[in-house]
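Q: Test case, fold it:
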Amino acid sequence: MPYHYSRNSPLKVEFMKNGKKKSIKLPEPMMKPKSMLSKRQKDLMNTHSNHHSKEHLEMMTSLMKKGFCFEQAHEIAQKAIGK
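A: Just a heads-up that it's a prediction; the model follows:
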């Protein structure tokens, strides 16, 4: 069974911040995983790219492909990478 259908899935993202390895427990994705972003998501990312780093945008893109909405992906990327 795919992880986005189960309620007990331990979703975590691991990253390096200030030279220390950290991990964040992720909420349940709001959508099913996709291989590409929708046109609306691409437009939002294009507008969003003026204010944030390349690493932040790459993490958001990967999270949105896993099924997270724009807002969820942004919050997770902010906690993990920052601006």
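
Q: Shouldn't Met36 be within a helix?
A: No. Using DSSP: H, G, I helix; E, B strand; the rest coil, the secondary structure at Met36 is coil, not a helix.

Q: hang on, Ser53 packs against Gln78?
A: No. With contact defined as Cβ atoms under 8 Å, Ser53 does not reach Gln78; the gap is 11.1 Å. Using the backbone N, CA and C atoms, a C-beta is placed for each residue, glycine as well.

Q: right, and the helix or strand after the helix or strand bottoming out on mean pLDDT in the chain?
A: Across the helices and strands of the chain, mean confidence by mean pLDDT, DSSP states H and E is lowest for strand 12-17: a mean of 67. Going down the chain from strand 12-17, the next helix or strand is strand 20-25, by DSSP states H and E.

Q: residues making contact with the host helix or strand of Arg40?
A: Under the criterion of DSSP H and E, Arg40 resides in helix 39-48. Residues external to helix 39-48 that are found in contact with it (Cβ atoms under 8 Å, 6 or more residues apart in numbering): 37, 57, 60-61, 64, 70, 74.

Q: run the last query once more with 6 Å
A: 64, 70 (Cβ atoms under 6 Å, 6 or more residues apart in numbering).

Q: What residues sit buried inside it?
A: Buried positions in helix 39-48, judged by neighbour count with 16 or more other Cβ atoms under 10 Å: 41, 44-45.

Q: State the helix or strand in which the closest residue in space to Gln78 that isn't next to it in sequence lies.
A: The shortest distance from Gln78 to any non-neighbouring residue, by Cβ to Cβ, 6 or more residues apart in numbering, is to His56 (7.6 Å). Per DSSP H and E, His56 falls inside helix 54-65.
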